[in-house]
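Colleague: give me a 3D structure for the following:
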Amino acid sequence: MFIRAYLRASTVEQDAKRAKADLEAFAAERGLKIAAWYTENESGASLARPELFRLLSECHPGDILLTEQVDRLSRLNTSDWERLKEELRQRRVKVVALDLPTSWTMATGGEDDFTARMFEALNGMMLDMLAAIARKDYIDRRRRQAQGIAKAREDGRYRGRPEDEQRNAALMKMLRSSQSWSSILAATGASRSTLARLAKRLQVPTTT
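Modeller: Model (predicted):
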């Protein structure tokens with residue numbers, strides 16, 4: 001049995017490794033060692049998470065997926081959560097989360113078969129419940145955010161994301177030098193809509 005720790009944050013501005021010390025302490029208290037770490041900055045509402053699926057692909061039957069909270073694993077809608085659970089079931093991976101005490105016994109084992117099955121059933125039920133709560137929290141936060149933006153627009157206070165002035169200055173310099181849009185896009189990864197907006201500001205002709 002290997003313990004594989006999963007760390008996730010939603011954006012690059014957040015520190016996905018913030019919970020690392022807590023997971024290390026949890027393992028150490030039980031005389032366990034974490035075999036591998038998987039860290040990424042991706043939304044928990046999406047299944048497009050390369051590190052999570054790399055973890056699963058490297059698991060052996062009976063391995064532990066250790067995470068800080070269930071919402072680090074899932075803020076998924078019902079169908080995607082069922083798909084992830086099926087992946088876990090097929091690979092026989094056990095989920096242990098610090099905010100799910102019913103899962104802690106699976107990190108150490110040692111119980112008889114009847115007790116193990118009882119804990120597995122109880123843990124599955126609690127895991128579903130916390131995943132549903134995490135999804136509701138995600139939807140509620142998105143709704144409040146949208147309401148806040150709508151209210152700010154109504155009041156004339158909404159300005160959107162702050163402009164990346166340093167990046168835009170570099171892009172405008174490239175536009176002024178008559179570089180083609182294709183070369184600018186390839187070199188910088190900027191979006192065509194951003195270039196269009198900056199070109200309009202500069203009143204330079206559109207090129208390809």
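
Colleague: mind listing the strands the helix or strand where Y6 lies pairs with, and their directions?
Modeller: When secondary structure is defined by DSSP states H and E, Y6 falls within strand 3-9. Partners of strand 3-9 in the sheet, by DSSP bridges, are strand 34-41 (parallel), strand 64-67 (parallel).

Colleague: and the helix or strand of the chain at the bottom of the mean pLDDT ranking, how far from the chain's centre?
Modeller: For the chain, the helix or strand with the lowest mean confidence is helix 181-188, at a mean of 80 (criterion: mean pLDDT, DSSP states H and E). Here the centre of helix 181-188 is set off from its chain's centre by 29 Å, with C-alpha atoms, centre = their mean, to the nearest Å.

Colleague: report the buried residues of it.
Modeller: Across helix 181-188, burial judged by 16 or more other C-beta atoms under 10 Å covers 181, 184. Bear in mind the C-beta positions are built from the backbone N, C-alpha and C, glycine included.

Colleague: what about the helices in the protein?
Modeller: Along the chain, counting by DSSP state H, helices occupy 20-29, 50-58, 70-73, 78-91, 113-154, 165-176, 181-188, 192-202.

Colleague: for the first one, name the packing helices and strands.
Modeller: In this structure, helix 20-29 makes packing contacts with strand 3-9, strand 34-41, strand 64-67, judged by 3 or more C-beta pairs under 8 Å, 6 or more residues apart in numbering; DSSP states H and E.

Colleague: residues in contact with it: which ones?
Modeller: With C-beta atoms under 8 Å, 6 or more residues apart in numbering as the test, helix 20-29 has contacts from 3, 5, 7, 33-34, 37, 66-68, 98, 107.

Colleague: out of these, what pair is the most spread apart?
Modeller: Using C-beta to C-beta, those reach their maximum pairwise distance at K33 and E68, which is 17.7 Å.

Colleague: between the two, which one's more packed in?
Modeller: Set K33 next to E68 and count neighbours by other C-beta atoms under 10 Å: E68 wins out with 20 against 10.

Colleague: just give the nearest non-adjacent residue to that one, would you?
Modeller: Nearest residue to E68, sequence neighbours excluded (C-beta to C-beta, 6 or more residues apart in numbering): A19, at 3.8 Å.

Colleague: who's in contact with that neighbour?
Modeller: Each residue near A19 by C-beta under 8 Å, 6+ apart is listed here: 7, 68, 72, 98.

Colleague: distance to N41 added to the helices of the chain, as a markdown table?
Modeller: Formatted as a markdown table, the helices of the chain follow (distance: least, C-beta to C-beta, whole Å):
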| stretch | distance to N41 |
| --- | --- |
| helix 20-29 | 14 |
| helix 50-58 | 9 |
| helix 70-73 | 12 |
| helix 78-91 | 19 |
| helix 113-154 | 16 |
| helix 165-176 | 20 |
| helix 181-188 | 21 |
| helix 192-202 | 22 |
